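J.: Could you look at this predicted model? Sequence included:
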Amino acid sequence: MRIVYFGTPEFSASFLQHIADHSPDQLVAVVTQPDRPAGRGLHLRSSPVKLVAEKLQLPVFQPESLRDESFLEELRRLSPDLFVVIAFSILPAELLEIPRLGSINLHGSLLPRYRGAAPVQWAVVNGESESGLTIFQLDSKMDHGPVIEKVRLPIGENETASELFERLVEAGKPALLSALRKVEEGYQPLEQEHQLATRAPKLRKEDGRIDWNWSAEKIHNLIRGMQPWPAAWGFFEGKKIRFWESRRSNLEREAPVGRLLWDESVDALCIKTGDGWIEIVKLQPEGKRVMEGGEFWCGLQQRQELVVE
């Protein structure tokens, strides 16, 4: 099949490389976001997908608008059989009409659950024990089309969204190759159970704010899920502090919510929550590097009535 690939971030770049290395299909072009200013010098930076495409010596399109007629005409001239879309914008109807066999998308959840921009993070934040990925045929609605392939993965009790992302990529590579063959062979995809749909909206910085009155489990899930961005965060002595890794704690001791102490029985920094304690393994004070909980505790000058907000 003649494939045009759509994608932008590192997550998507891995799949582009995998198709090039392991699929008999022909990649005829890649579509990605325009180069954007980044870093302190605000120099133009190419997307990870563009970098892979250039290494593979593939034509790259970076339209400002997906409805631009000259861009659409260029794609029509390529006579693509299929669009493969992974971590990209929603395609307008004008684009969806071009490929002979339609367009497929790989989504990081078990659809119809967690439709939207941040399915992996919200699954972890909500304490799900299982996630996975779905490869489906695109239609005019977001994450709505019929399903070609599904892969289920358990979520570990301490697994972060970043770690789950990595496992999803590895599980998704063979699933994508399988889906390509199904499309070529005329497989009839299965409609989603739309009445079971849930949402996974784009993350905002404020989504990472911890309320220490919550349960230890809810806070632990937030810390695991808000990675790599925006991270779970609170305040200590008026300065922002990010929390990168936590564990459930068996500590039993009365204290005000938000109180910090060192649990000598397990050598761990702990914080009082609404229903118990949570162990903080790694954290990052404002303006400093990520550090272990023990290093943070040793750096404190006063060890009485220490409270996070």
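T.: Cool, the structure landed. Residues are numbered from 1 along each chain as shown.

J.: can you confirm Leu153 is in a strand?
T.: Yes - under DSSP: H, G, I helix; E, B strand; the rest coil, Leu153 sits within a strand.

J.: 452 is where my numbering starts, stick with that
T.: Sure thing, new numbering starts at 452, so read that last one as Leu604.

J.: Quickly note the distance from it to Asp714.
T.: According to Cβ to Cβ, to the nearest Å, Leu604 and Asp714 sit 32 Å apart. To be clear about C-beta, it is placed using only N, CA and C from the backbone, and glycine gets the same treatment.

J.: What of Glu621?
T.: Taken as Cβ to Cβ, the span from Glu621 to Asp714 is 36 Å.

J.: Ile586: neighbouring residues, count only.
T.: By the measure other Cβ atoms under 10 Å, the count of residues near Ile586 is 25.

J.: Quick check: which element contains it?
T.: strand 581-588 (DSSP states H and E).

J.: contacts for that strand?
T.: Contacts with strand 581-588, where a contact means Cβ atoms under 8 Å, 6 or more residues apart in numbering, come from 553-562, 570-571, 574-575, 594, 596-606, 615, 619, 622-623, 626-627, 630, 640, 643.

J.: Let's see that with 7 Å instead.
T.: 553, 555-562, 571, 574, 596-606, 615, 619, 622-623, 626-627, 630, 640 (Cβ atoms under 7 Å, 6 or more residues apart in numbering).

J.: same thing with stretch 692-705?
T.: Against stretch 692-705 from outside (Cβ under 7 Å, 6+ apart): 609, 667, 671, 674, 682-686, 714, 721, 727-737, 741, 759.

J.: Which members of these occur in strands, if any?
T.: 683-686, 714, 721, 728-736 (DSSP state E).

J.: Please report phi then psi for His469.
T.: His469 has phi and psi values of phi -70, psi -40 when expressed as degrees, to the nearest 10.

J.: Who are the contact partners of it?
T.: Contacts of His469 by Cβ under 7 Å, 6+ apart are Lys624, Leu627.

J.: Also the one 5 residues further on?
T.: Taking Cβ under 7 Å, 6+ apart as the definition of contact, the neighbours of Ser474 are Leu628, Leu631.

J.: Model confidence for the closest residue in space to His558 that isn't next to it in sequence, exactly?
T.: Leaving aside its chain neighbours, His558 sits nearest to Thr585 (5.0 Å; criterion: Cβ to Cβ, 6 or more residues apart in numbering). On pLDDT, Thr585 comes in at 98.

J.: Can you get me a residue count around Thr585?
T.: Counted with other Cβ under 10 Å, Thr585 comes out at 27.

J.: list the contacts for the nearest residue to Leu720 once chain neighbours are set aside?
T.: Spatial nearest neighbour of Leu720, excluding adjacent residues (Cβ to Cβ, 6+ apart): Gly744 at 3.3 Å. By Cβ under 7 Å, 6+ apart, Gly744 lies in contact with Ala719, Leu720, Ile731, Val732, Lys733, Leu734.

J.: before we move on, back to that, what distance do you get for the residue nearest to His558 to Val571?
T.: From Thr585 to Val571 the distance is 12 Å (Cβ to Cβ).

J.: Show me what the helix or strand that Val575 is a member of is packed up against.
T.: Assigned by DSSP H and E, Val575 falls within helix 570-576. Contact partners of helix 570-576 among helices and strands, from 3 or more Cβ pairs under 7 Å, 6 or more residues apart in numbering; DSSP states H and E: helix 612-635, helix 667-676.

J.: which residues of the protein fall in helices?
T.: Here the chain has its helices, by DSSP state H, at 461-473, 499-506, 520-528, 544-547, 570-576, 612-635, 667-676, 744-749.
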